[in-house]
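1. One predicted model, sequence on top.
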Amino acid sequence: MALSALITVHDPAVPGNRAELARLVMGGMADVVRRKLAGMAPAFSTIRATGIGRPMPPLIRGRPERASDIYRGTFSFAGHTARGVGGAAFIETAAPVDWLMQLHGFDWLRHLSASGRELNRVNARALIADWVALAGRHPSQARRNDVTARRLIAWLGHAPFYMRGASQSFETLLFKSLTHQTRRLLHGLRAETDPCQRLLAAIALARASIGLQGTEALMPVAFQALEAELELQVLSDGGHRSRNPADIVALMVELVPLRMALEAARLEIPARFNAAIERMLPALRFFSHGDGGLAAFNGLRDGMAGWARAVLETDNVQGKPLTHAVHSGYCRLQAGQAVVIADAGRSPSPGTNAQAGLGALSFEFSDGAHRIVVNCGALAEADSDWDMAARHTAAHSTVCLGGAPAGRILAGRLACRMFGGPVVLGPRGIEANIAANPEGSVMVARHDGYEQAFGVTHERRLFLAANGRDLRGEDRFLADLDSLDHLANVDFAIRFHLHPSLNASLSRDRSSVMLVLPNRQGWRFSARGGVMVLEDSVYLPGHAKPRRGQQIVLKGTVGRPDRVLWAFKRMERTGANRPSPASEPELPL
């Protein structure tokens, strides 16, 4: 599918965008200078690892079948494969950056550990020894703070596996390297300007303070830095400030073993650290569909169902998710087997999410373990063209006016260099409310992303019936009376991207679409106020290449009418009579 069919490219070089970018850059300069100066302070020279302390086994198991590939020197990840006999891959410099970061992060040790075989235990020690022996010849990516942090976490997490039967010479080499990397990471933490790298570095240092003997003096400093970053990045409702649900899971996978190690060692669990975890557990449930995976918002690359399940299995409180995560900017309607998750928040701040999208008021909808309406999401591995396409409003299940995105994307060199990727400037004003009554739950939300271009505010209302079998929506285009003549030439397109597992068929009179789920359950979509068509779409999360899908699109002209009504109704297998298409889209407000 051609990218031009999915997006309208927005020129990031217009004068207004340059002025906005200049304001953002100047706002971040003070923090950069402050942290660079702080990085000149000396690291703790007293830190010296002498042995393995409290074990912190990873929550996520590896795949034993991949251990054989690693034994043969084949490293495959980030869409790239390379062979390195005797650790030669560690000095490879021509490989893609993402591949180099994963190689030097050593997360692949989990595959060797999962095999449990002595051969792979010896291979793990050999590869670690090779990496240490080649120090000084590694590419620059190996010295990044986030890569160093992941390497420390991996080496400590899998130490019980590869240390069994290790020689004294290997232990000496290992602890000398761990001492050096811990000191280097502490020094780097003070100067790091990227918030994600700071947080990961703080987690690794906190793990080192418990997982290594001889580093106990590091614990107060490490947990102070960790709590400060958690308060900055984990919002009051448990969401992450990047607004990407995957970041919650990725954080919890690292934080939960750390808390479990503190409990096992009978050490006091820092209050703010514990509070952040307790906030994120209900938030993880908030973003989960019935299949256990996460909703595709703001650059989600994988549903991470297995990861989310592993985290939630450690939760003894079973906190109920919110219906309106105000600080994160999302709403959740749930009834029966149905779940609706909607984006009702502003774009994340520049530098906090390079994959953020312009999906204001988009939503996802699932019935039990089957997803029905989705957003396009992002590919499992970075792809610049598809990543840009996925950011645009057309890649989300929401309204597009005039074929334009609901905001701007600054993708010039300066923006990417300063903030680590394109900067998304979405609607400035966006608000939402949720109310419940015996009939069901109603969300009312609006955003001003099209006011500057067209003088129109988009308002969306969603109603989910109390039995979960009826989802109805209303999209309104609110405009001043003086703008009505101008709106006669503005087209709208309301998109409902469908999950590829569905079968969709448009009725002959184009008044409805029949949807059949993998379990043969049927849903019927109908609408009033727009011309209904069925078009090609794509679904990206969890895959190296786009999966073909379909999307329902309602098309028309703004102002004629000023609202569009639509409905998804679950079809009863008993053959009960169904309401006529004309009555279904009405909202019982």
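-> Cool, got the structure.

2. N316: how many residues sit nearby?
-> Using other Cβ atoms under 10 Å, the number of residues around N316 comes to 6. (C-beta placed from N, C-alpha, C; glycine too.)

3. What strand or helix carries it?
-> Using DSSP states H and E, N316 maps to neither a helix nor a strand.

4. Determine the three-state secondary structure at W566.
-> strand (DSSP: H, G, I helix; E, B strand; the rest coil).

5. wait, what's in contact with L174?
-> Going by Cβ atoms under 8 Å, 6 or more residues apart in numbering, L174 touches I128, V132, W155, M163, A166.

6. Of those residues - the most surrounded one?
-> Neighbour-wise, the contacts of L174 (other Cβ under 10 Å) top out at W155, 25 neighbours.

7. I'd like the mean pLDDT over the helix or strand that residue falls within, please.
-> According to DSSP H and E, W155 maps onto helix 145-157. For helix 145-157, mean pLDDT rounds to 97.

8. helices or strands next to it in the packing?
-> helix 97-105, helix 109-115, helix 168-191, helix 195-211 (3 or more Cβ pairs under 8 Å, 6 or more residues apart in numbering; DSSP states H and E).

9. Using JSON lines, lay out those helices together with distance to L251 and mean pLDDT.
-> As requested, these are exported to JSON lines (distance: least, Cβ to Cβ, whole Å; pLDDT from 0 to 100):
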{"stretch": "helix 97-105", "distance to L251": "16", "mean pLDDT": "93"}
{"stretch": "helix 109-115", "distance to L251": "18", "mean pLDDT": "96"}
{"stretch": "helix 168-191", "distance to L251": "17", "mean pLDDT": "94"}
{"stretch": "helix 195-211", "distance to L251": "8", "mean pLDDT": "94"}
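
10. okay if I get these as a markdown table plus distance to A404?
-> Listed next are those as a markdown table, based on distance: least, Cβ to Cβ, whole Å:
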| stretch | distance to A404 |
| --- | --- |
| helix 97-105 | 31 |
| helix 109-115 | 44 |
| helix 168-191 | 41 |
| helix 195-211 | 30 |
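
11. ok so, going back, and the contacts of L174 as JSON lines, adding secondary structure and distance to A264?
-> Formatted as JSON lines, those follow (DSSP: H, G, I helix; E, B strand; the rest coil; distance: Cβ to Cβ, whole Å):
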{"residue": "I128", "secondary structure": "helix", "distance to A264": "25"}
{"residue": "V132", "secondary structure": "helix", "distance to A264": "29"}
{"residue": "W155", "secondary structure": "helix", "distance to A264": "19"}
{"residue": "M163", "secondary structure": "coil", "distance to A264": "18"}
{"residue": "A166", "secondary structure": "coil", "distance to A264": "23"}
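
12. hey, C-alpha coordinates of stretch 97-113 in PDB?
-> Taking Å, rounded to 0.1, in the frame of the first residue of the first chain, the C-alpha atoms of stretch 97-113 are listed here in PDB:
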ATOM      1  CA  VAL A  97      22.300   1.500  15.200                       C
ATOM      2  CA  ASP A  98      19.300  -0.300  16.700                       C
ATOM      3  CA  TRP A  99      21.100  -3.700  16.100                       C
ATOM      4  CA  LEU A 100      24.300  -2.400  17.800                       C
ATOM      5  CA  MET A 101      22.300  -1.200  20.800                       C
ATOM      6  CA  GLN A 102      20.500  -4.500  21.300                       C
ATOM      7  CA  LEU A 103      23.800  -6.500  20.800                       C
ATOM      8  CA  HIS A 104      25.700  -4.500  23.400                       C
ATOM      9  CA  GLY A 105      22.700  -4.400  25.700                       C
ATOM     10  CA  PHE A 106      22.900  -8.200  26.200                       C
ATOM     11  CA  ASP A 107      19.200  -8.700  26.600                       C
ATOM     12  CA  TRP A 108      19.700 -11.800  24.400                       C
ATOM     13  CA  LEU A 109      21.300 -13.500  27.400                       C
ATOM     14  CA  ARG A 110      17.700 -14.500  28.400                       C
ATOM     15  CA  HIS A 111      17.600 -16.900  25.500                       C
ATOM     16  CA  LEU A 112      20.700 -18.700  26.700                       C
ATOM     17  CA  SER A 113      19.400 -18.700  30.300                       C
END
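
13. tell me which residues of it are tucked away?
-> 99-113 (16 or more other Cβ atoms under 10 Å).

14. ok now that stretch, how far from the chain's centre?
-> Mean C-alpha position of stretch 97-113 versus that of the full chain (Cα atoms, centre = their mean, to the nearest Å) differs by 20 Å.

15. And for stretch 374-392?
-> 12 Å.

16. first vs last residue of that stretch, how far apart are they?
-> One end of stretch 374-392 sits 14 Å from the other (Cα to Cα, to the nearest Å).

17. sorry, back to before: now distance to R144 too, for the contacts of L174, in a markdown table please.
-> Output for these, formatted as a markdown table (distance: Cβ to Cβ, whole Å):
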| residue | distance to R144 |
| --- | --- |
| I128 | 19 |
| V132 | 18 |
| W155 | 16 |
| M163 | 26 |
| A166 | 28 |
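
18. What is the nearest of those residues to R391?
-> Within these, the smallest distance to R391 is 35.6 Å, found for W155 (Cβ to Cβ).

19. Which secondary structure state does L230 sit in?
-> helix.

20. that older thread, in the buried residues of stretch 97-113, find the pair that's most separated.
-> Spatially, the most separated pair among the buried residues of stretch 97-113 is L100 and S113, at 22.1 Å (Cβ to Cβ).

21. Can you get me a residue count around H158?
-> Counted with other Cβ under 10 Å, the neighbours of H158 add up to 25.

22. Touching, it and R121? I think so.
-> No. Judged on Cβ atoms under 8 Å, H158 makes no contact with R121 at a distance of 9.8 Å.
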